[in-house]
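**Student:** next input, structure requested:
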Amino acid sequence: MKIYILCPAKRVTGGVELTHQLCCALNTLTEIEAKMWYTDIDDTRLEPLVVNEKAPAEYALYHTECISDYSVVDKTENIVVIPEGLTGYIDLIDKARIVLWWMSVDNYISSTNEADLDIIKNKVVLHLYQSYYSKDYVEKKITGARGIFLSDYINDEHGKFILPTEFRRNMALYNPRKGYSEIKPLIDKTKWIEWVPLIGMEREKMILVMQMAKIYVDFGNHPGKDRIPREAAVNGCCVITNKKGSAAFSEDVSIPEDYKFTEPNDMLDEVEALLRDICDNFDVHKKDFDNYRKTIKSEKEKFNNDVLRFVEFMDRF
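**Tutor:** So this is what the prediction gives:
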């Protein structure tokens, strides 16, 4: 049995990093040979194009290799892991067993309009859940779906040091690529706090900025168990979210309910009051996230155990 993990070439995203983490774990923890299968997602022909190249530099630490010949993939003894954003490639596989990894429910819905659910039902032998949100979605859409958890973990560089409170500024961070229209009314209302968008930053700079801030706010759609809230938390920030997507599930975003708002734009005064209280009493609020940080720091071990369970599961059939 060999495992091939489909992945967009030359993309640097949380999902792409996750595929490299899986490949690394399989090669490190098991006797199975695992390789990346890079493809050009901008090629609308959906042909089995293989990009034979090194992993993006950001993921060199995972020491993965990629295939150079598509013919090695589609064999009955093999497994192909396909992220939910690449379900259009399912029909390219006739013999290998297909495993679908649900990292981003919302992105799947918006990109496919759920048009290929019947193909998924017929050809996918196992679903991997990155979040409880994805598990809930699949079980509602696909009766009798066979699935197990295979979550993720954030890069080990996050949380290596924690800047003391006296060096932190009254600064709130946000991701402008996700839910900007939802957070803009809050930004406009709270000119007294420094708002910093997390965009165009290398990992080292993002860590430094998170170490300088007190708060991370995310009013986006939370299509999976997002990385940036966890990265901000382990770097010492307090986290405020809405209750969309995975944020509605305490298992995915396990912060206290006082920091979650169902309709933030209808509660701007309450959100602003919380921002002020965090800035004025940061050490008190920071303790509310101790359990969240503890959970995040245990995710790598859990991920490795999930990988072993996945291999054991696939060995059965």
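**Student:** V138 sits in which helix or strand?
**Tutor:** helix 132-141 (DSSP states H and E).
**Student:** show me how far whichever helix or strand comes after that helix is from its chain's centre.
**Tutor:** Following helix 132-141 in sequence order, the next helix or strand is strand 147-149 (DSSP H and E). How far strand 147-149 lies from its chain's middle: 16 Å, per C-alpha atoms, centre = their mean, to the nearest Å.
**Student:** what about T28, neighbour count?
**Tutor:** Residue crowding around T28 was assessed by other C-beta atoms under 10 Å; the count is 12. C-beta coordinates here come from the backbone N, C-alpha and C atoms, glycine included.
**Student:** ok, E65 next?
**Tutor:** Each residue near E65 was counted by other C-beta under 10 Å, and the total is 13.
**Student:** what about it, distance to D226?
**Tutor:** In this structure, E65 and D226 are separated by 29 Å, where distance is defined by C-beta to C-beta, to the nearest Å.
**Student:** swap in L268?
**Tutor:** In this view, L268 and D226 are 23 Å apart by C-beta to C-beta.
**Student:** go on, M201?
**Tutor:** As judged by C-beta to C-beta, M201 and D226 stand 16 Å apart.
**Student:** of those two, who's got more company?
**Tutor:** Taking other C-beta under 10 Å, M201 and D226 do not tie; D226 has more neighbours (23 against 14).
**Student:** T241 is in contact with that one, correct?
**Tutor:** No: when contacts are counted by C-beta atoms under 8 Å, D226 is not listed as touching T241 (9.2 Å).
**Student:** off-centre distance for stretch 31-46?
**Tutor:** On C-alpha atoms, centre = their mean, the centre of stretch 31-46 falls 19 Å from that of its chain.
**Student:** going by neighbour count, which residues of that stretch are buried?
**Tutor:** Of the residues in stretch 31-46, those with enough neighbours to count as buried (16 or more other C-beta atoms under 10 Å) are A34, K35, M36, W37, Y38, T39, I41.
**Student:** that's a strand at the third one, yeah?
**Tutor:** Yes: counting by DSSP: H, G, I helix; E, B strand; the rest coil, M36 is located in a strand.
**Student:** show me what it is bridged to.
**Tutor:** When bridges are taken as DSSP bridges, the partners of M36 come out as I5, C66.
**Student:** that one reaches I67, doesn't it?
**Tutor:** Yes: at 7.4 Å, M36 counts as touching I67 under the criterion of C-beta under 8 Å.
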